[in-house]
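S.K.: Show me the folded form of this:
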Amino acid sequence: MSAEARPRGAAPLALTLLVILAALLPLALSDYRTFQVTLALVYAIAILGLNILTGYNGQFSLGHGAFYAIGAYTAAIMMSEWQIGYYWTLPVAGLVCFCAGFLFGFPALRLEGLYLALATFALAVATPQILKSDHLAPLTGGVQGIVILKPNPPFGLPLSQDQWLYEFTLAVAIVLFVGAWNLLRGRSGRAIKAIRDNPIAAEAMGINKALYKTLTFGVSAFYTGVAGALGAIVIQFVAPDSFTVFLSITLLVGVVVGGLASIPGAIFGGLFVQFIPNVAEQISKAAPWAIYGVFLIAFMYVMPYGVWGLLRALHERIERVRRRRSA
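M.R.: So this is what the prediction gives:
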């Protein structure tokens, strides 16, 4: 076996061990810490959805908090009003958000760069106000929001509610991450990235730019909607003020910190979004967001290409040193 084949052969084994360790993680954590890690996974799914749009397709969005809200409310309404099982809410929330993202993608075709960012920003600003509307209040609960019950583990599994939701969220995250990996490494993924790199050349090669851009918007919204549904199930509560424009900005921060155009980077982005604000508050209760800003500046200074970009650069450096020694 060659020196280059060994790492490739070891990769699936390392990934399998990583998944097993992740599945066993709740056994070593308290329910509260398990709850926090579950939310980090939820944010990782939403960040992955935004990264598909921004990192891989080059469409800049400041409005994905709106799709997160739509997914969350879809799950909450289905569970509280129609008594539908929580697991059925995920595909429905994803499909609703896919349709919303696909439709929003049509007017977005005429917009690029900052103009697209402003249009999506308007979507994020408007969504909480729409959810507070008196016309929708019988369904959305208005400013009071909706409270839902946390599901119990099925089949009598010896797990707490938080542990079960972690395992459920982990399973959903694995399916969605594998799906994104397959999508982006295939023909469609190459077309999506070609539009980002050179849209004129992509059209010259026969790529339907309008179709792929709208579909990418839909897929991105699908991921974010599923994350929103999971977030509602985990937190047990949805309200309009939980989905302000700050959520959209937070998701974008997660994309940049994790690494643009990087699937594993979404995990690091989710951990940053979930835990760094808590760390900042522990350091200074008087000015936690100032500390958060310092952390963010430090991350960008040390890792301008995100956490995954740094890890990839370190891996390449180690590989170069190993080849020199084996030569």
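
S.K.: wait, isn't Leu95 in contact with Phe222?
M.R.: Yes: contact criterion CB atoms under 8 Å: Leu95 and Phe222 qualify, at 7.4 Å. Placement of C-beta: from N, CA and C, glycine included.

S.K.: Looking at the two, which is more packed in?
M.R.: Counted by other CB atoms under 10 Å, Leu95 and Phe222 do not tie: Phe222 has more neighbours, with 27 against 15.

S.K.: Setting the sequence-adjacent residues aside, check what's closest to Leu296.
M.R.: Spatial nearest neighbour of Leu296, excluding adjacent residues (CB to CB, 6 or more residues apart in numbering): Val253 at 6.8 Å.

S.K.: Show me the helices in the stretch 201-327 of the chain, by range?
M.R.: Using DSSP state H, counting those that start in this stretch, the helices of the stretch 201-327 of the chain run over 209-235, 245-258, 265-283, 288-302, 306-326.

S.K.: Now render the ones you listed as TSV, adding mean pLDDT.
M.R.: Formatted as TSV, the helices of the stretch 201-327 of the chain follow (pLDDT from 0 to 100):
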stretch	mean pLDDT
helix 209-235	96
helix 245-258	95
helix 265-283	94
helix 288-302	91
helix 306-326	90
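
S.K.: between those, which gets nearest to Ile20?
M.R.: helix 265-283 (16.0 Å; CB to CB).

S.K.: buried set for that closest one?
M.R.: Going by neighbour count (16 or more other CB atoms under 10 Å), the buried part of helix 265-283 is 265-274, 276-277, 280.

S.K.: Show me what that helix packs onto, helices and strands only.
M.R.: helix 31-54, helix 245-258, helix 288-302, helix 306-326 (3 or more CB pairs under 8 Å, 6 or more residues apart in numbering; DSSP states H and E).

S.K.: So what touches stretch 188-207?
M.R.: Stretch 188-207 is contacted from outside by Ile52, Tyr56, Asn57, Gly58, Leu183, Leu184, Lys209, Tyr212, Lys213, Leu215, Thr216, Ala261, using CB atoms under 8 Å, 6 or more residues apart in numbering.
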